[in-house]
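Visitor: below is the sequence, then the predicted model.
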Amino acid sequence: ERLVRHGRGPERSIQTGIGPVPVSRVKVRDRGANGEAERIRFSSSILPKWARRTRSLDALLPVLYLRGVSTGDFQEALAALLGKEAANLSPSVITRLTAEWTTEYERWQKRDLSARHYVYVWADGVYLQARMEDHAECMLVLIGATPEGKKELVGFQTGIRESAQSWRELLVDVKRRGLKIAPDIAVGDGALGFWKALDEVFAGTKHQRCWVHKTANVLNKVPLAVQANLKTDLREIYGAPTRSAAEMAIEVFAEKYGAKYDKAVDCLTKDRETLLAFYDFPAEHWDHLRTSNPIESVFATVRHRTVRTKGSLSSKTARLMVFKLVMAAAKSWRRLKGQNQLPKLLAGAKFQDGIEVIEMKPQSAA
């Protein structure tokens, strides 16, 4: 009742995917404001006060940057899409935008996690090489699943390879910012540094080795001629309906290949327990827990882009661009299947072969 329309602001041009669009923002006046009452201020979520580009264009800029487009070439690169006189894409604008991304990244790194709880986490180290440096930096990535089944980027920083110290720094920082409850299970590859750091920081979290990485490691120890059959047999293990069936499939695998390919068998059997940890969780979540695909799928395109832009990206810029790409991709991440099972895990329910174990109380005879 207090707010009324009060004319329009000056017309301005907004860059969109179909070219510049002239718009003018509606002004709103608070009729009830006086010396005592606080003034109500209106801000449009559709047309922010200082917006010069649509959000889709802002998401496109880091992609072009990773493609190797320099700050001075943005207008030329987007001329076919936005018109020959594309405004708000000058080198100074792009430089100012990257400064905003830096501020956003630093703010995200310091955010409070005391109200967060992640039931599952996926961890992986992503190697990116910028400006043809002698060594590739390892970006340590931690993605978590909330009790609502939503995936979120939990931690992201640059480390020295995948060492235990680098992972420890990331996990300690996450815990210091308020993440006190340990995840139920962590999924990752065979990087021993992560598992060692995890046991030190979140001792109660179970380990689940990624089957995609393990399959690749096993296949690397056998000739190409037998890899197809061996891969099929590995699929029989992690696709088994029960833990006992998976254990039996491992025994069959060892007996079948142990004589000629003992190294491949040893590579599989030494991690037997951590490869089958997912059987203690709801069957609806097995597809999510068997692999670290939530990270791999996001960074697959990032790897391809950074390989092609070694000469145009500094280490700092690469880290910043990857952060922006991940945050943009996070908006379209799919939720976990079987979300109704997550509250049961939080309540302490136990699962065996993917099915909840219900304890029957003994009844005394009348």
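Guide: All right, it came through fine.

Visitor: leaving out sequence neighbours, find the closest residue to Ser13.
Guide: Pro20 (4.4 Å; Cβ to Cβ, 6 or more residues apart in numbering). C-beta: built from backbone N, CA, C; applies to glycine.

Visitor: can you pull up the bridge partners for that neighbour?
Guide: Gln15 (DSSP bridges).

Visitor: so how many other residues sit close to it?
Guide: 18 (other Cβ atoms under 10 Å).

Visitor: one more: the one 4 residues further on?
Guide: Per other Cβ under 10 Å, the neighbour tally for Ser24 reads 12.

Visitor: OK, contacts around it?
Guide: 8-12 (Cβ atoms under 8 Å, 6 or more residues apart in numbering).

Visitor: next, give phi and psi for it.
Guide: Torsion angles at Ser24 (phi, psi; degrees, to the nearest 10) stand at phi -140, psi 130.

Visitor: quick one: it from Gln15, how far?
Guide: 16 Å (Cβ to Cβ, to the nearest Å).

Visitor: how about Ala245?
Guide: According to Cβ to Cβ, Ala245 and Gln15 sit 58 Å apart.

Visitor: ok, those two, which is more surrounded?
Guide: Neighbour count, other Cβ under 10 Å: between Ala245 and Gln15, Gln15 has more, with 22 against 15.

Visitor: ok, the more buried one to Arg25 distance?
Guide: 16 Å.

Visitor: same check, this time on Glu11
Guide: Taking Cβ to Cβ, one finds Glu11 at 9 Å from Arg25.

Visitor: can you give me the helices in the stretch 1-150 of the chain?
Guide: For the stretch 1-150 of the chain, the helices defined by DSSP state H, counting those that start in this stretch occupy 55-67, 74-77, 79-82, 91-109.

Visitor: what of the stretch 151-300 of the chain?
Guide: Going by DSSP H, counting those that start in this stretch, the stretch 151-300 of the chain shows helices at 164-176, 192-201, 211-219, 224-238, 243-257, 262-269, 272-275, 286-289, 293-307.

Visitor: got CSV for those, with distance to Lys150 too?
Guide: Below are the helices of the stretch 151-300 of the chain laid out as CSV (distance: least, Cβ to Cβ, whole Å):
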stretch, distance to Lys150
helix 164-176, 17
helix 192-201, 22
helix 211-219, 23
helix 224-238, 25
helix 243-257, 28
helix 262-269, 33
helix 272-275, 26
helix 286-289, 12
helix 293-307, 12
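
Visitor: with respect to Ala145, which of the ones you listed lies nearest?
Guide: Closest to Ala145 of the helices of the stretch 151-300 of the chain is helix 286-289 (Cβ to Cβ; 7.5 Å).

Visitor: buried residues in the closest one?
Guide: For helix 286-289, the neighbour count (16 or more other Cβ atoms under 10 Å) marks 286, 288-289 as buried.

Visitor: pick the one among these closest to Phe253.
Guide: Nearest to Phe253, judged by Cβ to Cβ, of those is Trp286 at 19.4 Å.

Visitor: just give the nearest non-adjacent residue to that closest one, would you?
Guide: Spatial nearest neighbour of Trp286, chain neighbours left out: Phe278 (5.3 Å); criterion: Cβ to Cβ, 6+ apart.

Visitor: kindly report the same for Phe42.
Guide: Spatial nearest neighbour of Phe42, excluding adjacent residues (Cβ to Cβ, 6+ apart): Val28 at 4.0 Å.

Visitor: swap in Met248?
Guide: Ala240 (7.9 Å).

Visitor: the one you found and Leu275: what is the separation?
Guide: 11 Å.

Visitor: more neighbours, the two?
Guide: Ranked by neighbour count (other Cβ under 10 Å), Ala240 and Leu275 place Leu275 first, with 22 against 18.

Visitor: residues contacting the more buried one?
Guide: 208-209, 211, 214, 237-238, 268.

Visitor: what's the most distant pair in these?
Guide: Applying Cβ to Cβ across these, the maximum distance is between Gln208 and Leu268, 15.1 Å.

Visitor: where's Asn220 relative to Lys263, distance?
Guide: Taken as Cβ to Cβ, the span from Asn220 to Lys263 is 10 Å.

Visitor: many thanks, I have nothing further to ask.
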